[in-house]
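**Student:** Next come a sequence and a model predicted from it.
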Amino acid sequence: MERIESIILSNLLFNNDYLRDVIPFIDEAYFHDNPDKIVFGFIKEFVDQYKNQPTKQAILLEIGESAVAEQDYEPCLELVESLTEVNTVDQKWLKEKTEKFCQDKAMYNAVMEAINIIDGTTEQGLGAIPDIMKDALSISFETNIGHDYLGDYKLRYAYYHKKEYKIPTGFYMLDKITRGGFSKKTLNILLAGTGVGKTFAMTSIAANCMMEGKNVLYITMEMAEEEISRRVDANLLNVDIEYLDTIPEDKYYDKCERLIEKTKGRLKIKEYPTASANVGHFRHLLNELELKDNFVPDIIFVDYINIMSSQRFKNGSNVGSYQYVKAISEELRGLAGEKNVPIVSATQLTRDGFKSSDPGMEDTSESWGLPQTVDFMVAMITSEMLEKRAQIVMKQLKNRYSDKAKMPRFTIGMDKSKMRMYDVEESAQDLAGAPTQDDDELERMEEHDKKAEKFSMDKLNKLKH
């Protein structure tokens with residue numbers, strides 16, 4: 001039975017297309033027998049130096065002129081002489097077999113290196129093991145060397161007309177400015193002050209996504225799992241949140257069972273202690289959910305980014321908040337790309353931003369690095385008048401989906417008793433266009449009322465006297 005090592009070496013000498021596709025990915029360490037390792041080393045050295053495919057005669061000559069160990073000299077010559085042109089019908093099959101060979105050998109080498117670290121026979125510490133295993137698992141034959149602008153115009157046209165997979169939010173204006181919803185591999189941020197409604201908005205969007213048949217993972221580090229579920233219950237069961245604990249058991253069960261019949265989507269809620277979890281914990285959770293519950297999320301919510309920890313920096317390490325929060329945002333966006341899902345999270349406004357009726361990205365608390373990293377960012381703006389109308393204004397701060405200038409602000413309704421956001425009538429969007437003016441108008445009206453009241457009281461007092 002022919003060895004895979006011999007097949008690989010034969011094709012490296014006689015199959016030029018195969019050589020150019022796989023030589024960047026094969027490592028000398030993958031060959032465990034000395035003759036295989038030595039012969040491959042000469043082939044690789046020839047390709048690196050001359051940028052061309054070597055011949056059998058060239059490799060035999062290199063072996064003859066080199067200082068190969070005496071015990072390996074004859075076996076190397078015999079190995080090269082045995083290599084012949086292989087008529088492989090399926091080139092794809094051959095490359096896949098070679099890739100599998102490299103992956104298996106890389107993992108074997110990684111395991112052996114980890115054992116040596118544990119035994120203390122190397123200078124590396126235990127902390128190096130995760131990176132060693134990660135490098136071994138990442139072995140892949142990626143042959144794409146970039147987009148050829150003039151040569152790939154057909155692929156480009158197909159891309160322009162390809163319908164992108166989106167996760168709709170369930171809100172007309174949000175879906176409009178994101179061209180249909182959140183895209184895969186993106187990080188999307190809600191910016192708001194304390195108590196304005198970051199969790200309110202995220203649970204409302206999460207509920208909509210689930211009802212659209214999507215699998216939703218909601219990670220909370222601020223509220224308990226039960227409290228997040230309580231908000232979703234109020235929304236989807238159409239019950240005032242204050243009265244959830246008064247619903248009879250049979251009625252509650254009936255509402256939940258009817259809800260199950262309406263959607264194929266699922267919602268998983270996982271709680272971590274504040275500032276204790278990083279993307280490494282999230283990655284482990286995702287693997288566990290897929291393995292144990294066959295659950296793969298279509299969208300992930302993280303409540304919220306500022307109370308995560310970084311995988312790169314330890315808590316309490318000597319780094320500033322700019323670098324620390326930027327690292328978290330980069331890691332979270334990296335996870336979105338790795339798992340091919342959109343991630344939605346939130347962050348706090350600064351004190352000045354909270355007071356402002358027109359906050360910008362510069363009002364992001366702790367780190368300017370966060371808005372630099374994200375794909376989409378909206379500020380949630382409230383005022384006394386907006387609260388009276390049960391509405392909130394959203395202002396676009398960053399938008400990689402479309403031009404944020406086309407719809408810089410828009411209004412969304414908020415039913416706090418049902419923990420539900422909703423689309424408002426078109427006329428309400430006038431409020432979003434100039435919230436500062438409306439706030440000023442409210443102040444003028446209140447001042448007018450105070451003056452009118454004082455005038456009436458003064459007039460009444462004069463009549464009494």
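**Tutor:** Sure, I can see it.
**Student:** Can you give me the end-to-end span of stretch 339-356?
**Tutor:** End-to-end span of stretch 339-356 (C-alpha to C-alpha, to the nearest Å): 37 Å.
**Student:** Give me the buried positions along that stretch.
**Tutor:** Residues of stretch 339-356 classed as buried by neighbour count (16 or more other C-beta atoms under 10 Å): 339, 341-349, 353-354, 356. C-beta: built from backbone N, CA, C; applies to glycine.
**Student:** ok now it, how far from the chain's centre?
**Tutor:** 15 Å (C-alpha atoms, centre = their mean, to the nearest Å).
**Student:** Okay, and which of the buried residues of stretch 339-356 map to strands?
**Tutor:** Counting by DSSP state E, the buried residues of stretch 339-356 place 343-348 in strands.
**Student:** what's around residue 33, how many residues?
**Tutor:** Applying other C-beta atoms under 10 Å, we find 13 residues neighbouring residue 33.
**Student:** ok now do it, which residues does it touch?
**Tutor:** By C-beta atoms under 8 Å, 6 or more residues apart in numbering, residue 33 lies in contact with residue 5.
**Student:** so how far is residue 77 from it?
**Tutor:** Using C-beta to C-beta, to the nearest Å, one gets 15 Å for the distance from residue 33 to residue 77.
**Student:** Of the ones in strands among the buried residues of stretch 339-356, just say which sits nearest to residue 212.
**Tutor:** Using C-beta to C-beta, residue 344 comes nearest to residue 212 of these, at 14.5 Å.
**Student:** would you list the buried residues of stretch 339-356 in a markdown table and tack on distance to residue 394?
**Tutor:** Shown next, in a markdown table, are the buried residues of stretch 339-356 (distance: C-beta to C-beta, whole Å):
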| residue | distance to residue 394 |
| --- | --- |
| 339 | 27 |
| 341 | 23 |
| 342 | 17 |
| 343 | 19 |
| 344 | 14 |
| 345 | 16 |
| 346 | 13 |
| 347 | 15 |
| 348 | 16 |
| 349 | 13 |
| 353 | 15 |
| 354 | 16 |
| 356 | 15 |
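**Student:** just those now: which is nearest residue 305?
**Tutor:** Nearest to residue 305 out of those is residue 345 (C-beta to C-beta; 4.3 Å).
**Student:** can I assume that closest one is in contact with residue 331?
**Tutor:** No - here residue 345 does not reach residue 331: they are 11.8 Å apart, not a contact under C-beta atoms under 8 Å.
**Student:** isn't there a strand covering residue 103?
**Tutor:** No - under DSSP: H, G, I helix; E, B strand; the rest coil, residue 103 sits outside any strand and is assigned helix.
**Student:** in the stretch 51-200 of the chain, which spans are strands?
**Tutor:** Here the stretch 51-200 of the chain has its strands, by DSSP state E, counting those that start in this stretch, at 166-167, 182-183, 187-192.
**Student:** which of the ones you listed sits most buried?
**Tutor:** Mean neighbour count, computed with mean count of other C-beta atoms under 10 Å, is highest for strand 187-192 among these, reaching a mean of 27.
**Student:** and that one, what's its mean pLDDT?
**Tutor:** With pLDDT averaged residue by residue, strand 187-192 scores 93.
**Student:** same deal with stretch 259-271?
**Tutor:** Rounded mean pLDDT across stretch 259-271 is 93.
**Student:** helix or strand for residue 267, which one?
**Tutor:** Following DSSP states H and E, one finds residue 267 within strand 266-271.
**Student:** So which elements touch that strand?
**Tutor:** helix 198-211, strand 215-220, helix 225-236, helix 279-293 (3 or more C-beta pairs under 8 Å, 6 or more residues apart in numbering; DSSP states H and E).
**Student:** and that strand, how far out from the chain's middle?
**Tutor:** Distance of strand 266-271 from the chain centroid (C-alpha atoms, centre = their mean) equals 17 Å.
**Student:** what about dumping the CA coordinates of it to CSV?
**Tutor:** The C-alpha coordinates for strand 266-271 follow below in CSV (Å, rounded to 0.1, in the frame of the first residue of the first chain):
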residue,chain,number,x,y,z
ARG,A,266,-35.4,29.8,19.9
LEU,A,267,-34.0,32.1,22.5
LYS,A,268,-31.2,31.1,24.9
ILE,A,269,-30.2,33.4,27.8
LYS,A,270,-26.9,33.0,29.6
GLU,A,271,-25.8,35.1,32.6
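**Student:** quick one on the thing from earlier: which single one of the ones in strands among the buried residues of stretch 339-356 is nearest to residue 251?
**Tutor:** Checking these against residue 251 by C-beta to C-beta gives residue 344 as the nearest, at 32.1 Å.
**Student:** which residues touch the strand holding residue 267?
**Tutor:** With contact meaning C-beta under 8 Å, 6+ apart, strand 266-271 is reached by 206-207, 210, 215-221, 223-225, 228-229, 232, 285, 289, 293, 295, 297.
**Student:** The same query, at a cut-off of 10 Å, please.
**Tutor:** Applying C-beta atoms under 10 Å, 6 or more residues apart in numbering, the external contacts of strand 266-271 come out as 203, 206-207, 209-211, 213-229, 232, 236, 260, 277, 281-282, 285, 288-289, 293, 295, 297-298, 300-301, 303.
**Student:** Columns pLDDT and distance to residue 152 on top of the ones in strands among the buried residues of stretch 339-356, output as CSV?
**Tutor:** Below are these laid out as CSV (pLDDT from 0 to 100; distance: C-beta to C-beta, whole Å):
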residue, pLDDT, distance to residue 152
343, 96, 30
344, 96, 33
345, 95, 35
346, 92, 39
347, 90, 38
348, 87, 44
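**Student:** For residue 368, state which of these is nearest.
**Tutor:** residue 347 (11.4 Å).
**Student:** just to revisit the earlier point, could the strands of the stretch 51-200 of the chain go into a markdown table alongside distance to residue 402?
**Tutor:** Shown next, in a markdown table, are the strands of the stretch 51-200 of the chain (distance: least, C-beta to C-beta, whole Å):
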| stretch | distance to residue 402 |
| --- | --- |
| strand 166-167 | 12 |
| strand 182-183 | 11 |
| strand 187-192 | 13 |
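**Student:** okay, residue 404: pLDDT?
**Tutor:** Listed pLDDT for residue 404 reads 86.
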